[in-house]
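> Fold the following, please.
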Amino acid sequence: MTEVAPPATIPLAADKPFTDNTAYSGEPDAALDSAVEGAAVVQRDAVIDGKTIRYTATTGHLVTEDAKTLAKNASIFYVAYTVDNVPAAKRPVTFIYNGGPGSPSIWLMMGSFGPTFTPTSMPDFTAPAPYTIKDNPDNLLDRTDLVFIHPVGTGYSTAIKPAVNSDFWGADQDAESVKQFIKRYLHVNGRMNSPKFLLGESYGGHRSSILSLRLQREAIDLNGIVLIGPSTNNTLGEDSVGKLATFAANAWYHKKLAPAHATKPLQHLMNEVVLFSDGTYAKALANAALMTPEIKTQVSDYLGMPVSVLTASGKLPSSATLRNRLLADQFLTIGRYDGRATRLFTPGAAASVSDDPSSVNISSAFYATFNTLLREELKYFPASPFTKPADNAVINNWDWTHAQPGKRANGDSYGELVTTEDLALTMSLNPDLKVFVATGLYDSAITFHQTEMNLLGTSLDSKLKAANLKMKAYPSGHMLYLDQAVKSTLRQDVSSFYDTATQRDPTARIMKRQAETASLLMD
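Predicted structure coming up:
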């Protein structure tokens, strides 16, 4: 555990509100004429495990520069929660972002490890306003400072002319922009010698993989990376082996499993399905002669659906088909991000991502309370409301081209982005870098077993994988922390991860090497 401020007996410092009259936009061609680094600053107390921690919340913008031309190119919005009066070398700082791409970082800020959170009714629909904001007993300020970043084109982050928002919308362009923000934040706040962490969700897996390597190549080594429901290999999202266990979990939750499996504990069932998927099922998919009627029946029993739902070769149909079929007899479809969530299904009606019940059930609550938090608690008064971006506004303009280390650039479509080797190379270059991956059993957007296969299948040395890569699946959806019991467990696991990644002597390897060298010289 890192050192934190002493008990808060001194009165809180006076709030320093900030009225931001700049109009920001998330449109592709939007840009500011100029920008300043203004921010609101307030001091507050948080209670964690019975101990009071005083922190400062800073809400505003930092201006980044183009690495080649040094021209100012973006005004990036952030919210930082920092504990004061602790030496930089003893206080970790974590840079946090959601995914999308195109998502502002309100989900992690309002739902996971910040000082406050928004309670929801997930997996059920959260009733309309008024909503509440509560102190978060699971916040991480006893371990690390928290800096929530909103990438360009999300939230109040906007490009500065002659750049425009869409210049930053691409796998490499995005990572470069976030890297420039992190460098700026470390410089402005004197944090270059702090232990450094990344925490990303969903597309944040891709961002973290590319970003970590770019930081490393600029001599900014990371201590740890936390990935929640991370996307790292888009080419395998519909792989039957990788997604069977997730849809078995959904069937278990909705009591649709075949009688032989219905009473099994969830984790026992997951272990069984993963073993079957990697062995018997994978072999049968690879060799049609092995795909017997018995194997197809076993697959359908795990799905809680008739054998006819499978293709002739025994593959699973699309995830969308499975979500629509599971509760078809009740005229319901289940959520993509969380299979426990449901909504009425209208056959033939076109549905967008925003119609996903696991998104609909929480979105209004999060956007309403984030707007409220900015004004009432953080004392940041923007000129315009913080609104939800249009469906796929960023994704449809995204440049998916990316070259993994040692390979040519892959294609320019969503389904071809792979970044697992970026992370593997970063971990190889920095053998102290720890990575913790948390996934949700009910998440069919980023299935937990496929994520395991993606990361375990990299070229990273097996000893480093065993020592530095930890993965755990939780009985929750894509945003694990929306389940309060799971969030508390996740918080404990992440806290232990921080302890492991920071509680070591940074000079131990150097001293050992010097001793070995001295011994050789004396021989």
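
> show me where the stretch 51-200 of the chain has strands.
Under the criterion DSSP state E, counting those that start in this stretch, strands of the stretch 51-200 of the chain are mapped to 51-65, 72-83, 93-97, 116-117, 134-135, 145-150, 158-159, 196-201.

> Checking the residue nearest to residue 335 when sequence neighbours are not counted next. Helix, strand or coil?
Leaving aside its chain neighbours, residue 335 sits nearest to residue 358 (3.0 Å; criterion: CB to CB, 6 or more residues apart in numbering). Yep, even glycine has a C-beta here, placed from its N, CA and C like the rest. Here residue 358 is recorded as helix under DSSP: H, G, I helix; E, B strand; the rest coil.

> and residue 358, how many residues sit next to it?
The tally of other residues near residue 358 (other CB atoms under 10 Å) stands at 26.

> Contact partners for it?
By CB atoms under 8 Å, 6 or more residues apart in numbering, the contact list for residue 358 reads 122, 123, 335, 336, 337, 338, 339, 340, 341, 477, 478.

> so of these, which ones are in strands?
Using DSSP state E, no member of these falls in strands.

> ok, so of those residues, who is nearest residue 424?
The nearest member of those to residue 424, counting by CB to CB, is residue 478 at 23.8 Å.

> Can you spell out which residues form a bridge with the nearest residue to residue 342 once chain neighbours are set aside?
In space, residue 342 comes closest to residue 332 once its chain neighbours are excluded; the distance is 4.5 Å by CB to CB, 6+ apart. Beta bridges link residue 332 to residue 344, judged by DSSP bridges.

> distance of residue 488 from residue 124?
For residue 488, the distance to residue 124 equals 20 Å [CB to CB, to the nearest Å].

> and the contacts of residue 358 as TSV, adding distance to residue 305?
What follows is those, written out as TSV (distance: CB to CB, whole Å):
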residue	distance to residue 305
122	25
123	20
335	17
336	17
337	21
338	19
339	13
340	17
341	19
477	20
478	22
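
> Dump the residues you listed to a markdown table, plus pLDDT.
Formatted as a markdown table, the contacts of residue 358 follow (pLDDT from 0 to 100):
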| residue | pLDDT |
| --- | --- |
| 122 | 94 |
| 123 | 93 |
| 335 | 96 |
| 336 | 95 |
| 337 | 96 |
| 338 | 97 |
| 339 | 97 |
| 340 | 97 |
| 341 | 96 |
| 477 | 97 |
| 478 | 97 |
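
> Which ones among the residues you listed lie within helices?
Assigned to helices by DSSP state H, none of the contacts of residue 358 qualify.

> Please name the bridge partners of the one residue sitting closest to the centre of the chain.
Centroid-nearest residue in the chain, with CA atoms, centre = their mean: residue 201, separated by 0.8 Å. Residue 201 forms beta bridges with residue 228, as assigned by DSSP bridges.

> Next one: it, what pLDDT does it get?
According to the prediction, residue 201 has pLDDT 98.

> Restrict stretch 419-426 to CA atoms and write it as PDB.
C-alpha atoms of stretch 419-426 as PDB (Å, rounded to 0.1, in the frame of the first residue of the first chain):
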ATOM      1  CA  THR A 419      -2.700  -5.400 -30.800                       C
ATOM      2  CA  THR A 420      -1.700  -8.400 -28.700                       C
ATOM      3  CA  GLU A 421       1.900  -8.300 -29.800                       C
ATOM      4  CA  ASP A 422       2.300  -4.700 -28.900                       C
ATOM      5  CA  LEU A 423       1.600  -5.600 -25.300                       C
ATOM      6  CA  ALA A 424       3.800  -8.700 -25.500                       C
ATOM      7  CA  LEU A 425       6.700  -6.700 -26.700                       C
ATOM      8  CA  THR A 426       6.200  -4.000 -24.000                       C
END
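
> Show the residue spans covered by the helices in the stretch 101-250 of the chain.
Per DSSP state H, counting those that start in this stretch, the stretch 101-250 of the chain carries helices over the ranges 106-111, 171-188, 204-216, 240-253.

> what helices or strands is the second one leaning on?
Pointing back at helix 171-188 there. strand 51-65, strand 72-83, strand 93-97, strand 145-150, helix 204-216 (3 or more CB pairs under 8 Å, 6 or more residues apart in numbering; DSSP states H and E).

> would CSV of the ones you listed with distance to residue 264, mean neighbour count and mean pLDDT be doable?
Below are these laid out as CSV (distance: least, CB to CB, whole Å; neighbours: other CB atoms under 10 Å; pLDDT from 0 to 100):
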stretch, distance to residue 264, mean neighbour count, mean pLDDT
strand 51-65, 41, 21, 97
strand 72-83, 42, 24, 97
strand 93-97, 36, 26, 98
strand 145-150, 39, 26, 98
helix 204-216, 30, 26, 97
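
> can you redo these as JSON lines with distance to residue 384?
Listed next are the helices and strands packed on helix 171-188 as JSON lines, based on distance: least, CB to CB, whole Å:
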{"stretch": "strand 51-65", "distance to residue 384": "14"}
{"stretch": "strand 72-83", "distance to residue 384": "12"}
{"stretch": "strand 93-97", "distance to residue 384": "21"}
{"stretch": "strand 145-150", "distance to residue 384": "14"}
{"stretch": "helix 204-216", "distance to residue 384": "26"}
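
> about what we covered before: which residues touch the residue nearest to the centre of the chain?
With contact set as CB under 8 Å, 6+ apart, residue 201 has these partners: 97, 98, 99, 107, 108, 227, 228, 229, 230, 478, 479.
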